[in-house]
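Participant: below are the sequence and a predicted model for it; my questions follow.
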Amino acid sequence: MDALVLIAHGSKRSLSNEEFVALGNKIKNKDKNFSKIETAFLELATPSIETVSNNLITSNISKIYFYPYFLNSGKHVSVDLPYIMKQLKEENPSVEFILLEHFGKSDRISDIILDDISLSLS
């Protein structure tokens, strides 16, 4: 079974974290590819990536995709997340962990921004 973990930075502001969880729930309701979809935070909020991953593993998930909800390829995307994936693989060699490209790499973001601006101007 395959799972998807949506990863955000995490915030001291609970509203920011709640908005991300709400987005995750919208994605979960629309998805047809994964048996489970969860949200996790890199820091400042819970649940952590490790906690979510371990919960998925104990529920017999054998492949976990991680989608970083980050705009840019800063330290978290280029260093911290690959390190966490490496640790998870070492601790769980029978599980496949796949780190996807971060949100900011999507070619569709510019279209979304332009569409939103057009709607605001109407």
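Facilitator: Perfect, thanks for sending it.
Participant: strands along the chain, start to end?
Facilitator: Assigned by DSSP state E, the chain shows strands spanning 2-8, 36-41, 63-68, 96-99.
Participant: what lines up beside the third one in the sheet?
Facilitator: The pairing partners recorded for strand 63-68 under DSSP bridges are strand 2-8 (parallel), strand 96-99 (parallel).
Participant: a markdown table for those, including mean neighbour count and mean pLDDT?
Facilitator: No exception for glycine: its C-beta is placed from N, CA and C like everyone else's. As requested, the strands paired with strand 63-68 are exported to a markdown table (neighbours: other CB atoms under 10 Å; pLDDT from 0 to 100):
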| stretch | mean neighbour count | mean pLDDT |
| --- | --- | --- |
| strand 2-8 | 22 | 98 |
| strand 96-99 | 15 | 98 |
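Participant: so which of the strands of the chain comes closest to I109?
Facilitator: Nearest to I109 among the strands of the chain is strand 63-68; the distance by CB to CB comes to 13.9 Å.
Participant: residues near the closest residue to T39 other than its chain neighbours, how many?
Facilitator: Once flanking residues are discounted, T39 sits nearest to G24: 3.8 Å by CB to CB, 6 or more residues apart in numbering. Using other CB atoms under 10 Å, the number of residues around G24 comes to 20.
Participant: could you shift the numbering so residue one becomes 249, and keep it that way?
Facilitator: Sure thing, new numbering starts at 249, so read that last one as G272.
Participant: any idea how far G272 is from A288?
Facilitator: To A288, G272 is 9 Å away according to CB to CB, to the nearest Å.
Participant: redo the strands of the chain as CSV? Include distance to Y331.
Facilitator: Shown next, in CSV, are these (distance: least, CB to CB, whole Å):
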stretch, distance to Y331
strand 250-256, 13
strand 284-289, 15
strand 311-316, 12
strand 344-347, 11
